[in-house]
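K.L.:
have a look; sequence and predicted model below, questions after that.
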Amino acid sequence: QVIGSLQTMGNASGFAITNQSPEGAMDIDANTGELTVSDASLFDFETSPTLTATVSIEDAENPISVTVNLNNVLEITVQDFTVAVDENPNDGQVLGNIQANGNGTLSYSITAQSPMGAMAINAGTGELTVIDPNLFDFETNPVITADISVTDGAETISATATINLNDVDEVSATNTNLAIDENPSNGDVIGALQASGSNLTYTITFQNPAGAFSINQNTGELSVADETLFDFETNPNMLATISVSNGAQTVSANAFVALNDLNEIGEFKYGGVIFWIDPASNNSSGLVVAVSNQFYSGTWGCTGTLTGATGTAIGTGAANTAAIVSSGCATSGSVIELISNLNLNGYDDWFLPSEDELTEIYTNISIVNATTIANGGQVTSQFHWSSTEINTTAATLVNLTTGVIGGSGKDGNIYFAKPVRAWTDF
């Protein structure tokens, strides 16, 4: 920038600055005597309101003194801002103020920030605040920055705001899906809520149904508190809302517990009422007794023939029935004829139960009868035919009122019969 030119008489030349204060502030054109700024930073009113120089001129007897008086103008100064705060601040939390000076009214604005939308600034005071606490996450954004513009309307200057986040011990908990078979025992472990953090404690704040669960306050492990509530038919889906805290921070999450439906004695499934579940089948096979609004009664079958239907154990009724039919003893009016040809509730594989199978029905007769009635079936009592023969002329009976085992002539008397079939769910 040109300061001015030295005024001389005649054709003067050979201008040179022999000394100046401050040193290095000005230059001079040797031919014209034009003074220019050499170091703009030295032209500061607050530091050097007056600059001086001594200029020599070729063929001149005396040097010339030059004085430059600076005019004081309005200036803005601003400092970069750096602060450290804990992650996860509150919405609106104050981070600090941009420090700026000027003689006029200053206005502050954010021109850029990373990540976007993290901070806001007060246009009149330069106060920085949090507007999106979610962005103040150490694991995602350990350092947050913003470019700040400060202006007095005539001059604009920029500064950088740097927010260094402190990593704090955080608590997190995730909604967790758990499953358990229905009909567990009190104290059985269901599973644990998925949570992270240090020195955590767990508390159930809500549960449905009430009183179903208990929780280990140190591990978050859920267990059965009231086994009677874990019934698929009543509560197939259960819920516990769990509070997780480290003493400074608390969060909540839900544990969703789905019950696995098990086959149970007394359930109406597979065409009838379950009265026996094979203990070796992992709850996957067993026997049902028919539910029907008809009575099944008649003679056992032919007499004078040894059919080979001698099985008594659970699991032998179907083979007994097949042996009786193949021997030609499914005589007209007999329960063997009736049941071996039965098509009921979508199934046609019914058979006459063996002695032990019929005894097992008696063992569970109360629940079997209740389910039968609830599903529109007829209940029978007293003696019922089994498929277990005693000899060529007699077969076994079981009294479903008393549990007494007896026998009768195959074609001499009329008794009730209970159609039975085997089921599997695999």
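P.N.:
That came in fine, so what should we check first?
K.L.:
shouldn't residue 316 be in contact with residue 352?
P.N.:
No - using CB atoms under 8 Å, residue 316 is not in contact with residue 352, being 10.9 Å away. No exception for glycine: its C-beta is placed from N, CA and C like everyone else's.
K.L.:
quick one, which of those two is more surrounded?
P.N.:
Neighbours were counted for residue 316 and for residue 352 using other CB atoms under 10 Å; residue 352 has more, 31 against 21.
K.L.:
excluding its backbone neighbours, what's nearest that one?
P.N.:
residue 387 (3.9 Å; CB to CB, 6 or more residues apart in numbering).
K.L.:
name the residues contacting each of residue 316 and residue 352.
P.N.:
residue 387 (CB atoms under 8 Å, 6 or more residues apart in numbering).
K.L.:
tell me, what's the model's pLDDT at residue 74?
P.N.:
Among the per-residue scores, residue 74 shows a pLDDT of 61.
K.L.:
re earlier: so the residue nearest to residue 352 touches residue 315, yeah?
P.N.:
No - applying CB under 8 Å, one finds residue 387 not in contact with residue 315, separated by 11.9 Å.
K.L.:
so the two - more neighbours on which side?
P.N.:
residue 387 (34 against 14).
K.L.:
need the pLDDT of the more buried one.
P.N.:
98.
K.L.:
what helix or strand is the residue nearest to residue 352 located in?
P.N.:
strand 383-389 (DSSP states H and E).
K.L.:
point out where the stretch 151-300 of the chain drops to low pLDDT.
P.N.:
Across the stretch 151-300 of the chain, nothing is flagged by pLDDT under 70.
K.L.:
any idea of the angle the next helix or strand after the strand holding residue 387 forms with strand 383-389?
P.N.:
Next in sequence after strand 383-389, counting helices and strands by DSSP H and E, comes strand 394-399. Counting by axes from the mean of the first three to the mean of the last three CA atoms, to 10 degrees, strand 394-399 lies at 140 degrees to strand 383-389.
K.L.:
list the strands paired with strand 394-399, with their directions.
P.N.:
With DSSP bridges as the test, strand 394-399 is paired with strand 383-389 (antiparallel), strand 405-409 (antiparallel).
K.L.:
include distance to residue 294 when you put these into TSV, please.
P.N.:
As requested, these are exported to TSV (distance: least, CB to CB, whole Å):
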stretch	distance to residue 294
strand 383-389	15
strand 405-409	22
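K.L.:
what separation do you get for the spatially most central residue of the chain and residue 319?
P.N.:
Nearest residue to the geometric centre of the chain (CA atoms, centre = their mean): residue 175, 3.1 Å. Using CB to CB, to the nearest Å, we find residue 175 at a distance of 52 Å from residue 319.
K.L.:
quick one: the strands in the stretch 51-200 of the chain?
P.N.:
Along the stretch 51-200 of the chain, the stretches classed as strands by DSSP state E, counting those that start in this stretch are 64-69, 77-78, 81-86, 94-97, 100-101, 107-114, 119-121, 127-130, 143-151, 156-166, 172-174, 176-181, 189-192, 194-196.
K.L.:
quick one: list the elements packing against the helix or strand where residue 253 lies.
P.N.:
Assigned by DSSP H and E, residue 253 belongs to strand 250-260. Here strand 250-260 is seen to pack against strand 172-174, strand 176-181, strand 189-192, strand 194-196, strand 237-245 when contacts are counted using 3 or more CB pairs under 8 Å, 6 or more residues apart in numbering; DSSP states H and E.
K.L.:
still on that earlier bit, nearest to residue 213, of the strands of the stretch 51-200 of the chain?
P.N.:
strand 189-192 (7.3 Å; CB to CB).
K.L.:
show me what that closest one is packed up against.
P.N.:
If you count contacts as 3+ CB pairs under 8 Å, 6+ apart, strand 189-192 packs onto strand 176-181, strand 221-224, strand 250-260.
K.L.:
would you give the sheet partners of the last one, along with the direction of each?
P.N.:
Under the criterion DSSP bridges, strand 250-260 sits next to strand 176-181 (parallel), strand 237-245 (antiparallel) in its sheet.
K.L.:
contacts for the helix or strand following that strand next, please.
P.N.:
Scanning forward in sequence from strand 250-260 by DSSP H and E, the next helix or strand is strand 268-269. The contact list for strand 268-269, computed with CB under 8 Å, 6+ apart, reads 263, 288, 291, 371, 374, 375, 423.
K.L.:
for stretch 392-408, same thing?
P.N.:
By CB under 8 Å, 6+ apart, stretch 392-408 touches 300-301, 303-306, 309, 312, 355, 358-359, 361-363, 365, 380-390, 409-410, 415, 418.
K.L.:
got it, and stretch 177-195?
P.N.:
171-174, 176, 202, 213, 219-227, 230-232, 242, 244, 251, 253, 255-262, 264.
K.L.:
and that stretch, what's buried?
P.N.:
Neighbour-count burial for stretch 177-195 flags 178, 180, 182, 183, 190, 191, 192, 193, 194, 195 (criterion: 16 or more other CB atoms under 10 Å).
K.L.:
in contact with the residue nearest to residue 352: list those residues for me.
P.N.:
Residue 387 neighbours (CB under 8 Å, 6+ apart): 309, 311, 316-317, 320-321, 324, 336, 351-354, 395.
K.L.:
mind doing that once more with 6 Å?
P.N.:
The contact partners of residue 387, taken as CB atoms under 6 Å, 6 or more residues apart in numbering, are 309, 317, 320, 321, 352, 354.
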